Structures are given as C-alpha cells and as structure tokens.
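J.: one predicted model, sequence on top.
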Amino acid sequence: MSHSLQSITALISQVEKSVIGQSHVIRALVIGLLTKGHVLLEGLPGTAKTRSVKSLADAMNASFGRVQFTPDLLPSDITGTVQYQDNNGSPLLTFQQGPLFHNLVLADEINRAPAKVQAALLEAMAEGTVTVGDTTHQLDELFMVLATQNPVEQEGTYPLPEAQMDRFMMKINVDYPDDEAELNIIRLVRAEENAPVMNAGSAVSKIDPLVFLSARQQLSTLSVSDIVERYIVALVMATRHPERYPDSPLSAWIKTGSSPRASIALDKCARAEAWLSGRDHVLPDDVRSIAHSVLSHRITLSYDALADNIDGQAVVNELLDIVAVG
C-alpha cells in the first residue's frame, strides 16, 4: 500500500467518526478530490451534507469556504471584487478574493442563486479560473466545489441548467440515517457538547492536502482493460441509443442521453474506486459501483418517465441490468 493510499484511507476513517451513517458520501467526496472533479449532494435538511464537507476540510487541513446561495446573491459575492484604496493620495486598485479562492468550496443550496452567479461558478468549475473585469485569476490546483440542493423544496429556486449539471463529476443522494445510525448521531452530538475539543490535534487531521496531488498521478498509471473501456462506452451509448435494446423501457424513459463527459467521468471515477481498493487495475465492478453517481444526473428524462415517477437512479438500474460486460 502506497503512502498516499495509507494517508487517504486514514483520512476517510477519521471523517467517518464525525459523520455517522454517510460513508458513501465521504467516499464520493474523496473520489471527487482524486479525480479533480466536483460533487453535487442532494438531500433533505439535516442529513449532514454541510458537516461532511466541513469535516473533510478540517481533517485534511485544507482551506474551506462556504457560500449560502440566495436569490439576491451577486457574482462578486463569490468571485471577489476590485476595491479602490487611497495610497498617499494615489489611487490603488486591489483585488479582494472571494470564497472561491479556497481548496474546498461549499455552495449551499446552489439552485437558489440566479443565472449570473451560477455562470460565475461554472467558470471556476470548468476552467479553474475566476475572471473579474479584464483580469483572470488562477485557482489553486487542489480545488473542488461541493454543492448541495434540497430535492423537495423547489419554490423560488433556479434549476441548474444541463450544462452545469454535466460539470459535476458525481451527484450523490444523501438519505436519512437508519435506526442505529440515528442513535449514534445523538450520542456523538452529546459527546461533542461535553468535549468541544475533538480530535483536531491528531496526526490524521494534519494530513498534507498535497497527498491528493500525488495520488492523482498514481491514478493515471492504473491498467484499464479493453473490456472495461468497451463496457463504459456501452453504458453511455445505451443512454443515447436506447432503441438498441427494444425489450427495455429505456426508449420511453430517456429524452436526452449522456455527453462524452459521462464516459470520461466513468473512467476517472472507476480508476479512483480501484485505487482506493488497493488494486492497480480496474474491474467492471468498479464501473458499476460508481455508475449511479456519474450517470443519473446526466440523463434527461422524458415526460412519460416523470409521469411514472421514474428517476435517474431507476434508469441507471435498468442500464446495469441490460448492458452486458464484454
């Protein structure tokens, strides 16, 4: 096991102590960092979405920025502004960095912000830059946007356009915890109240964020067989040409299939999944394990599917059932 893998495995274990019952969320956030991608968390209030992101930032000793998206938010509120200052009688313009200039940026309730703000965020996500006036500023190499949205409360929101949804490497559904996890949450919060100083001083919490940059280089060396590559392509093509499977309801469910970014994301995330499992090669099961997170938000559903309460998760279930490996 490499030093990077040991460090990141320990990091995951550390964060899971602070976030009960959401192990899949923590793993998805780590995969997002490993693949230089962005993650969309969708879940009801109180499901530890914000806590997951903040605990990860604390444990990896990375800078953390949080923006509460609201309808009156301006692009400058997230990018930063150029401010005028008087320097001994001479005008001086200085750029004050906004929350986007952090390693981990939490965009809370992202669908509450208007189009201009979402466009500014899209530049940062897609290009790793922020443009203010005629100057373009480069963001840190370790940069990830973690956005949250409530799947139920849609009044007064601005649904994310398909182009922006496609920029998210993964979309993770965050559900309510089960009985045992709920009990452990109560005990954890009670323990935190009694002992405010947690494990912030442990060795794991001091992990160097640059470990992720080293791990990214290792991902590129993993072996991906022709069978796995063709399986990835077959899954994506099934969303674009569902008529190839006449015995499946996919044709009635899918309005628009996934873009080539889906294929790229499946390849990257499958390699990250294999690396986290300690392997130097990718298996079809690695692709299947991350297919829901990568594909579900990249499929536009038909009216018939929406009328029958079919969601993206159900479509991916069908894809995994009908698309053969090899």
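T.: Yep, that arrived.

J.: now do the helices in the stretch 151-300 of the chain.
T.: Secondary structure of the stretch 151-300 of the chain by DSSP state H, counting those that start in this stretch: the helices cover 162-167, 179-194, 211-219, 226-240, 250-253, 260-276, 284-295.

J.: list the buried residues in the first one.
T.: Buried residues in helix 162-167, counting neighbours by 16 or more other C-beta atoms under 10 Å, are found at 164, 166-167. C-beta: built from backbone N, CA, C; applies to glycine.

J.: which one of those residues is nearest residue 225?
T.: Residue 225 has its nearest neighbour among the buried residues of helix 162-167 in residue 166, at 26.8 Å by C-beta to C-beta.

J.: isn't that closest one up against residue 261?
T.: Yes: between residue 166 and residue 261 there is a contact under C-beta atoms under 8 Å: 5.3 Å.

J.: overlap in contacts of the two?
T.: Shared contacts of residue 166 and residue 261, defined by C-beta atoms under 8 Å, 6 or more residues apart in numbering, comprise residue 298.

J.: and residue 104, what does it touch?
T.: 53, 56-57, 62-65, 144, 146.

J.: can I get the buried part of these as one ChimeraX selection?
T.: To isolate the buried members of those in ChimeraX, using 16+ other C-beta under 10 Å:
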select :53,56,57,62,64,65,144,146
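
J.: host element of residue 310?
T.: Using DSSP states H and E, residue 310 maps to neither a helix nor a strand.

J.: ok so, going back, which of the contacts of residue 104 fall in helices?
T.: Residues of those located in helices (DSSP state H): 53, 56-57.

J.: going along the chain, name the strands of the protein.
T.: Ranges of strands within the chain are 39-43, 64-68, 80-87, 90-97, 104-108, 129-132, 135-138, 144-149, 170-174, 254-256, 300-301, based on DSSP state E.

J.: of all the ones you listed, which one is nearest residue 193?
T.: Among these, strand 64-68 sits nearest to residue 193 (C-beta to C-beta), with 22.4 Å.

J.: contacts for the closest one?
T.: With contact meaning C-beta under 8 Å, 6+ apart, strand 64-68 is reached by 50, 53-54, 57-58, 73, 77-78, 99-109.

J.: picking that back up, wait, which of the helices of the stretch 151-300 of the chain is closest to residue 303?
T.: Across the helices of the stretch 151-300 of the chain, closest to residue 303 is helix 250-253 (C-beta to C-beta), at 9.9 Å.

J.: packing partners of that closest one?
T.: helix 303-307, helix 312-322 (3 or more C-beta pairs under 8 Å, 6 or more residues apart in numbering; DSSP states H and E).
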